[in-house]
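Enquirer: just need the structure, nothing else, for what follows:
(one chain, ligands or ions: 1)
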Amino acid sequence: MPDPIPTTLRPSTVAVTAGRPPHEPDQPLNVPITMASTYVAGGDLEYGRYGNPTWTAFEDVLGGLEGGRCLAFSSGMAAVTTVLDLVGHGAKVVLPQHAYQGSIMAVADLEARGRLTGQLVDITDTAAVVAACDDAALVWIESPTNPALEVADIETIAAAAHAAGASVVVDNTFATPLLQQPLALGADIVVHSATKYLAGHSDALLGALVVTDDELHDVLQGRRSLAGSTPGTLEAWLAVRGMRTLHLRVERAQANAQALLPRLEAHPAVGEVRYPGFGGIVAIVLAEGELAADLLVRKTTLWVHATSLGGVESTFERRRRWKTESPSIPVGLVRMSVGIEDVEDLWADLESALDTLTTG
Ligand code: PLP
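Expert: Next up, the predicted model:
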């Protein structure tokens, strides 16, 4: 067992120190990759689907940062669907109309099969969300939303949901626990696509749930074992390694994003800039719409046209290229995941691509 980490440590110290082996001679400084489908009988682990020391290290780091107990999953969607699976037959789930399309599709799929009812809400309209909590079993918050970058009043919504007897989930993928701690704001469950900022290097698929309630933790752990939605050992290890620099990456990505904002706002090819006020994700709506957005993503050399986000590399994507994206997202919206490169190089690359849109 690793040494327990004192809870008073600040987030960057937790990111570097949590989940490490004890400081004893010949122990590795960081957790190794344990490749094992089974363990010698009689201990806590027993079988590869029930537990793995490399998952535990990841869970200790993220649990420490979020202030709860963490469970790692094979992907963000495995974590999302595990939570939705807890909802009782015929019950109502409230979720943002601009939540990640996969989460909306997962609810719609369950609704189509008669398992539950989904109600899409404008997550920025707190009064409307509070009203929708009334007969809900689960209130799903994503803040900021992907890709609209809307911010929810988590504390007010969580209080109203609890008063109505509903549970509250917050997808904290965009904010990371460094910029927002939903459990402290009243959430029951935090969801992560650890594929994004947590792992941070665009090389691993991983998900996570974090809770404070021990009983709920055990229920979710049981579901993970039954469904086999368990992470790969290598992925968990990559995420632990990634999280050692989470604070530096998030700080730099945010600083870069904030340096780009006024420049984007001033460029004539850009009709609108959306930014939630924190983090490294920015969305721009091209003044000339879909065609201009499709041209932009082909004209850069540093910025890569790719889905996903939160890696060290700057990537961007016209979200409506996906048929499943919400029709209320503008066709010319490009979601930008600002990386940790030099911001002047990032701007020079973007500016020259944007200039071609206005000069023909
Ligand atoms: N939640 C959010 C906000 C996401 O952006 C994503 C993926 O893009 C997911 C959940 C799903 O995560 P994964 O792709 O790791 O399954």
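
Enquirer: burial of Ala164, as a residue count?
Expert: Look at Ala164: counted by other CB atoms under 10 Å, it has 16 neighbours. Just so you know, the C-beta spots here come from the backbone N, C-alpha and C atoms, and that holds for glycine as well.

Enquirer: meant to ask about Ala41
Expert: 8.

Enquirer: and the pLDDT at it?
Expert: At Ala41, the pLDDT value in this model is 98.

Enquirer: what do you get for Thr8?
Expert: The predicted local confidence for Thr8 is 87.

Enquirer: that one: what secondary structure?
Expert: Three-state assignment for Thr8 (DSSP: H, G, I helix; E, B strand; the rest coil): coil.

Enquirer: that one and the ligand, how far apart?
Expert: Look at Thr8 and the ligand: by CB to the nearest ligand atom, to the nearest Å, they are 30 Å apart.

Enquirer: cool, Arg20 as well?
Expert: 25 Å.

Enquirer: next one: Pro177
Expert: 14 Å.

Enquirer: and Asp171, by the same measure?
Expert: For Asp171, the distance to the ligand - CB to the nearest ligand atom - is 5 Å.

Enquirer: same check, this time on Ala292
Expert: Ala292 is 24 Å from the ligand, by CB to the nearest ligand atom.

Enquirer: do Gly228 as well
Expert: Applying CB to the nearest ligand atom to Gly228 and the ligand gives a distance of 16 Å.

Enquirer: give me every residue that touches Gly42.
Expert: Not one residue lies near Gly42 by CB atoms under 8 Å, 6 or more residues apart in numbering.

Enquirer: helix/strand/coil for it?
Expert: Assignment for Gly42 (three-state DSSP): coil.

Enquirer: what parts of this structure come near the ligand?
Expert: Neighbours of the ligand within the chain, by CB under 6 Å from any ligand atom: 75-77, 80, 100, 102, 142, 146, 171, 173, 193, 195, 205, 207, 308.

Enquirer: in the stretch 101-250 of the chain, which residue sits closest to the ligand?
Expert: Ser193 (3.0 Å; CB to the nearest ligand atom).

Enquirer: just read off the phi/psi values of that residue.
Expert: For Ser193, the backbone dihedrals (degrees, to the nearest 10) come out as phi -90, psi 100.

Enquirer: could you do Thr358 as well?
Expert: Dihedral angles (degrees, to the nearest 10) for Thr358: phi -100, psi -20.

Enquirer: same question, His217
Expert: phi -60, psi -50.

Enquirer: then Val93?
Expert: Dihedral angles (degrees, to the nearest 10) for Val93: phi -110, psi 130.

Enquirer: likewise the one 3 residues further on?
Expert: Pro96 adopts backbone torsions of phi -70, psi 140, taken as degrees, to the nearest 10.

Enquirer: ok, Asp85 - contacts?
Expert: Asp85 neighbours (CB under 8 Å, 6+ apart): Arg223, Ala227.

Enquirer: how much space between it and Tyr47?
Expert: According to CB to CB, to the nearest Å, Asp85 and Tyr47 sit 22 Å apart.

Enquirer: determine the number of other residues adjacent to the residue in the stretch 1-150 of the chain positioned nearest to the ligand.
Expert: The nearest approach of the stretch 1-150 of the chain to the ligand comes at Gly76, 2.2 Å away (CB to the nearest ligand atom). For Gly76, the count of nearby residues is 24 (other CB under 10 Å).

Enquirer: excluding chain neighbours, what is closest to it?
Expert: Ser193 (2.8 Å; CB to CB, 6 or more residues apart in numbering).
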